[in-house]
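A.B. asks: For reference, the sequence and a predicted model appear below.
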Amino acid sequence: MLTLLEQIDKGNLWRSPGGIHPPETKALTSQSEIQTLPLAKEYWVPVPGLQDTCTLKFNIGDRVLKGEQLTAGINPQYLPVHAPCSGTITAVKEIRANHPSGLPVISCIIESDDTQQQTNFEPIDLDAADTDTILDRIRLSGVAGLGGAAFPTHIKLNPSSDIELVIINGVECEPYITADDRLMQEHANEIQSGIEIIHRLLQPKRIIIAIEDNKPNAIQAMQRAVQQSQLPKKAVRVTSIPTKYPSGGEKQLIQIITGQEVPSGAIPAQLGIVMQNVGTAFAIHQAVNVGKPLIERVVTVTGNGVKAPGNYWVPVGTPLPHLIEHCGIIEQGQQLHKVIAGGPMMGHMLPGIDVPVVKGSNCFLVPGPDEIATESSEQACIRCGECAQVCPARLLPQQLFWHSKAKEYDKASSYNLRDCIECGSCSYVCPSDIPLVEYYRKAKAAIKLQTEEKAAAEQAKIHFEARLKRLEAEKQEREAKAKKAAEKRQASMSGNDKDKVAEAMARIKNKQAKLKPVDSEPKTDKKQNVAAAIARAKAKKAKQAEHRPHKGLETASQPTETKSSEESNIDIQLNGSNDKKAKVAAAIARAKAKKAQSSGGIQTSQNNSITNTPAAFGEANTDEASSKQAKIAAAVARAKAKKAKNSAKTVPDAETTHTGSSALAEPVVTSNASDKSTDFEEKEHKKARIAAAVARAKAKKTAADTAQPKKQISQVDVEPEGDEIESDAQTELPHLDSESKQTNNIDKQARVAAAVAKAKAKKQQNQLDEHPHHGTTTVETEDAAKQSAEQRKKARIAAAVAKAKAKKVSSQIDNGDAES
Amino acid sequence: MSAIFTAIIILGILATIFGLVLGFAAQKFKVEGNPIVDQLEAVLPQTQCGQCGYPGCRPYAEAIANGEHINKCPPGGTATMEKLAELMGVDPEPLDASEEMLTKKVAYIREDECIGCTKCIQACPVDAIVGSGKLMHTVITADCTGCDLCVEPCPVDCIDMIPVKTTINNWDWQLNQIPVKVVLEEKTC
């Protein structure tokens, strides 16, 4: 049994499965030498991954030399891009990619100049250089696989496993293409030196240059070159293989040369095999021995659509229109409409011809009108099985087709869709003209997308869980910290401290325990007071009800009377609202009780409130203390009036709007109001309120004066103001009378007045708070100081009562609305 | 008579032995949680977006296992819904999402408008936003799941959801989607 290497040495070949024999049509270009292309006006150099995996070394407007490195990668494995010509970078923009999708890719536009100045190409001294230097040079020269996939060559030349066999692929099985053929014929020696570099890097046992037997000239040329090589005999040999498509495929060629099958999902390096294209070997030679980066390649421009088909040295980045123009288009009606990038089997139709030549472009096919079969519509699969016979990967194209078409990608995957090399043999033989490869490509793309999404989802899940974990850890850390701090605090306290804390806690508890009964007692007192107050209030009401008929004649200077009379009136009219009224009365009484307590006694305060309120108008200016009381009484009265009115209004809901009307109504109203029994209540309320407001305003003023001794001097000035307000209000009264129903204005004014009053009250309070010392120490006597303290209390009480009542009133209004 | 007793005793012993074995097995090989939840979760896209109304993919998987509708995952799309339907043995339901919601998007922070409040960072369920207080933030596009949870908290509205661009790397090979100029072809013969 011969070993593999012995069999290889003997020239044994194996059969690869499947394959087809399409018309070669290579004669169009195989006989003419490789020509150089005239300089294009500009070059479009794609720089994929710009700002992502690499950066541009130049700015727009910079001049670059031919062969200068344009990009610098972030990744050490990055394959740089070089300037194909000397010139100026005019733009970096997206242009259509040389890709079946035709999607834009970011590219560097270089406007060429005529000098074609080159950078200094420095060859490497192979004897002195080590492997890394050579590999680095190959990388920095941008050498990529020129067979079509453009895989970075330096990675392939630096495998992790030992390499036994290197196959130099000069098969070029695809119809039409002759670029490698011509290159081998014309540059066999350069290719040979490239092979020597590969040999040096990989140290394989054998290097086989595989060439299809339809290229006898290339075989001869390569054999001559091999004989001249300095490599040991037997290390390199040229093997001619039978012509069959797609024997140039990597896995197929390995099978033909070694009989071994590259496992699914594996790379040849795992079998100890590396394959390089002849063009790549040439580029390696150029990079290492000349120092010239990969900036041009041989491109076959062929097809009956061009006048001068042939092979050209085309700089990478040359716009395709320039190349095709140079070859001359044979007019097909109006315009060039079809260019196939790559060969007719594996190539793709370009969506547009405004694309650049890239490193992987080995051929552009411009078919004549009768050259490529017209697109025929897809027929149903007839299950003839032709495709399965020609499949070089021994797949089941039918099954793949069904599942791909049905988008059952997992099932397609289970039929090893990923091992499809997209050679197009199945489509070629399909009698139903099914574009099978297209289906496979779609399915592959979808599977790839799904896999990516799944990986992304997995990543997202990991991130999410890590985040949750982190948040939880942070929370626990915080808690632990707080706990630790608390413990530390406790620990730092001495035993006495702890006792003290305990004592303090005990004291606090005792206090609280004591406070509770204390709180409850006053409540009962209050209740009693309230009861008493209610009784009193009722009695008052009854008394004042008698005075009612005379009230129309009475002046407005008796707000308390009017209020109470009106109250009694309501009492009589609306027994239904008794409860509410009672409550109101109770509240008032409570407030009064408080007030009384603060001023010394319930009885006296009540007397004061009764006696002083009439006096409020007359005496407010002179008697400050009584004015305070008057104010309070007035506020109470006003609130009561409101409440009474509201409770009355709960039935006639239409009038509830008037409840808002407040303080500005005038005392004079009463005279008219008494005549009109319907309006009476309302007017009374208003009157009461007005009186109250006026009284309160005056009281405030006086209080403010007492609080601020310095201002007391100007009391005289202040008083007239109060009078003015009064008089203003009075002047407005007649209008109110005449337009008794149109109270909108008054409502507003009333609100304004109320707001003003409130603001004043606040201010006054503030002033009192701010200047308590001034009040006691300066101009004022001790009496005044006492008074001011009393006044302050009273004012607060009044304010609180008023507020509470206002709340109640508003809630009553709400209730009334709800009821209505 | 003794035969009957023997039978009862033997059966009793056997029952005891098997009971013990089963009891041991129940303890030893206890299955934690519902295994279907893991399978459901594996199908979900893990965007953690909360568009289903649950705070993450796992809670939704648990809800599905408990009978929740399977059509509430817009990021997963129809494919995910169908997988869920298959797993749960229920009929597929039309997806509860608009077409716009189905396009994959990623967040983008207009960096010159960012005030560095870190609110979006706190909102991001997958830690795909980097930045620090009073310093500009930015989105790690590769990690962004497009859940748009960061858009709402931004006080200056400087976060946009940008649809993912189709490039030659993620192109789906739908050749007929490319606007190809239709040209007249001269038929031979």
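C.D. replies: Noted; the coordinates are in hand. Small disclaimer: the values here were computed from a predicted structure and weren't measured.
A.B. asks: Show me how the record splits chain A into domains.
C.D. replies: Taking automatic domain parsing as the domain assignment, the record places the domains of chain A at A:4-365, A:374-491, A:519-704+A:712-765+A:797-819.
A.B. asks: Ignore what I typed, I meant chain B.
C.D. replies: According to automatic domain parsing, chain B is divided into the following domains: B:35-99, B:104-166.
A.B. asks: and the shortest one, does that touch chain A?
C.D. replies: The one in question is domain B:104-166. Yes - using CB under 8 Å from any CB of the partner chain, domain B:104-166 comes into contact with chain A via B:P125, B:V126, B:D127, B:A128, B:D143, B:T145, B:T166. Where you see a C-beta, it was placed from the backbone N, CA and C, and this is true even at glycine.
A.B. asks: any idea how far A:G19 is from A:D433?
C.D. replies: As for A:G19, its distance to A:D433 is 20 Å (criterion: CB to CB, to the nearest Å).
A.B. asks: The two: which has the busier surroundings?
C.D. replies: Per other CB atoms under 10 Å in any protein chain shown, whichever of A:G19 and A:D433 has more neighbours is A:G19, with 22 against 13.
A.B. asks: which stretches of the stretch 251-400 of chain A form helices?
C.D. replies: Defined through DSSP state H, counting those that start in this stretch, the helices belonging to the stretch 251-400 of chain A, from first to last, are A:278-285, A:320-327, A:386-390, A:397-405.
A.B. asks: What segments of the stretch 1-150 of chain A are helices?
C.D. replies: Along the stretch 1-150 of chain A, counting by DSSP H, counting those that start in this stretch, helices occupy A:4-10, A:27-30, A:131-140.
A.B. asks: near chain B, which residues of the stretch 51-200 of chain A?
C.D. replies: A:A97, A:H99, A:P100, A:S101, A:G102, A:L103, A:V105.
A.B. asks: number of nearby residues for the fifth one?
C.D. replies: Residues within reach of A:G102, counting by other CB under 10 Å, total 21.
A.B. asks: hmm, back to that, ok, which pair from the residues of the stretch 51-200 of chain A next to chain B is furthest apart?
C.D. replies: Pairwise distances among those were taken by CB to CB; the largest, 12.9 Å, belongs to A:P100 and A:V105.
A.B. asks: if we can go back for a sec, any chance of the residues of domain B:104-166 next to chain A in TSV, plus pLDDT and neighbour count?
C.D. replies: Supplementary listing: the residues of domain B:104-166 next to chain A in TSV, determined by pLDDT from 0 to 100; neighbours: other CB atoms under 10 Å in any protein chain shown:
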residue	pLDDT	neighbour count
B:P125	89	22
B:V126	90	25
B:D127	90	15
B:A128	91	24
B:D143	89	17
B:T145	87	28
B:T166	81	13
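A.B. asks: Now flag whichever of those is closest to A:T29.
C.D. replies: When the residues of domain B:104-166 next to chain A are compared for distance to A:T29 (CB to CB), B:T166 comes out closest, at 35.5 Å.
A.B. asks: about what we covered before: out of A:P100 and A:V105, which sits in the more crowded spot?
C.D. replies: More neighbours sit around A:V105 than around the other of A:P100 and A:V105, counting by other CB under 10 Å; the figures are 23 against 20.
A.B. asks: Could you give the bridge partners of the more buried one?
C.D. replies: A:V105 forms beta bridges with A:I95, as assigned by DSSP bridges.
A.B. asks: where do the strands sit along the stretch 1-150 of chain A?
C.D. replies: A:35-36, A:42-46, A:54-56, A:63-64, A:71-73, A:87-96, A:104-112 (DSSP state E, counting those that start in this stretch).
A.B. asks: still on that earlier bit, and the domains of chain B as CSV, adding distance to A:S427?
C.D. replies: As requested, the domains of chain B are arranged in CSV below (distance: least, CB to CB, whole Å):
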stretch, distance to A:S427
domain B:35-99, 27
domain B:104-166, 25
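A.B. asks: out of those, nearest to A:T71?
C.D. replies: domain B:104-166 (21.0 Å).
A.B. asks: Give me the buried positions along the longest helix anywhere in chain B.
C.D. replies: For chain B, the longest helix by residue count, based on DSSP state H, is helix B:2-28. Counting neighbours by 16 or more other CB atoms under 10 Å in any protein chain shown, one finds that helix B:2-28 has no buried residues.
A.B. asks: What average pLDDT does it get?
C.D. replies: For helix B:2-28, mean pLDDT rounds to 95.
A.B. asks: What is the neighbour count of the residue in the stretch 1-150 of chain A that chain B sits nearest to?
C.D. replies: Proximity to chain B, evaluated over the stretch 1-150 of chain A using CB to the nearest CB, is greatest for A:S101 at 4.3 Å. Burial of A:S101 is recorded as 23 neighbouring residues (other CB under 10 Å).
A.B. asks: which residue sits closest to the spatially most central residue of chain B, ignoring its sequence neighbours?
C.D. replies: Closest to where the C-alpha atoms of chain B average out (CA atoms, centre = their mean) is B:L44, at 2.4 Å. Using CB to CB, 6 or more residues apart in numbering or on different chains and skipping residues adjacent in sequence, the residue nearest B:L44 is B:C57, 4.2 Å away.
A.B. asks: if you compare the helices of the stretch 251-400 of chain A, which one is most tucked away?
C.D. replies: helix A:278-285 (a mean of 28; mean count of other CB atoms under 10 Å in any protein chain shown).
A.B. asks: For it, output the C-alpha coordinates as CSV.
C.D. replies: Listed in CSV are the C-alpha atoms of helix A:278-285, where the atom choice follows Å, rounded to 0.1, in the frame of the first residue of the first chain:
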residue,chain,number,x,y,z
VAL,A,278,-1.3,31.1,-8.9
GLY,A,279,-2.2,34.8,-8.9
THR,A,280,-1.7,34.9,-5.2
ALA,A,281,1.7,33.2,-5.6
PHE,A,282,2.6,35.9,-8.1
ALA,A,283,1.4,38.6,-5.7
ILE,A,284,3.4,37.1,-2.9
HIS,A,285,6.5,37.3,-5.1
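A.B. asks: Packing partners of it?
C.D. replies: Secondary-structure packing of helix A:278-285 (3 or more CB pairs under 8 Å, 6 or more residues apart in numbering or on different chains; DSSP states H and E): helix A:153-156, strand A:165-170, helix A:179-186, helix A:188-202, strand A:296-302.
A.B. asks: Tell me what angle that helix forms with helix A:188-202.
C.D. replies: Orientation note: helix A:278-285 sits at an angle of 80 degrees relative to helix A:188-202 (axes from the mean of the first three to the mean of the last three CA atoms, to 10 degrees).
A.B. asks: give me the low-pLDDT residue ranges for the chain?
C.D. replies: Using chain A here. When residues are selected by pLDDT under 70, those of chain A lie in A:1, A:331-337, A:372-375, A:494-498, A:516-527, A:542-695, A:697-793, A:795, A:798-820.
A.B. asks: could you do chain B instead?
C.D. replies: B:97, B:99-102, B:175-189.
A.B. asks: Show the residue spans covered by the helices in it.
C.D. replies: For chain B, the helices identified by DSSP H occupy B:2-28, B:35-43, B:57-65, B:77-88, B:99-102, B:119-123, in order along the chain.
A.B. asks: Out of the ones you listed, flag the one nearest A:H322.
C.D. replies: Closest approach to A:H322 among these is made by helix B:99-102 (42.4 Å; CB to CB).
A.B. asks: who wins for proximity to A:I295 among the strands of the stretch 1-150 of chain A?
C.D. replies: Closest approach to A:I295 among those (CB to CB): strand A:42-46, 9.3 Å.
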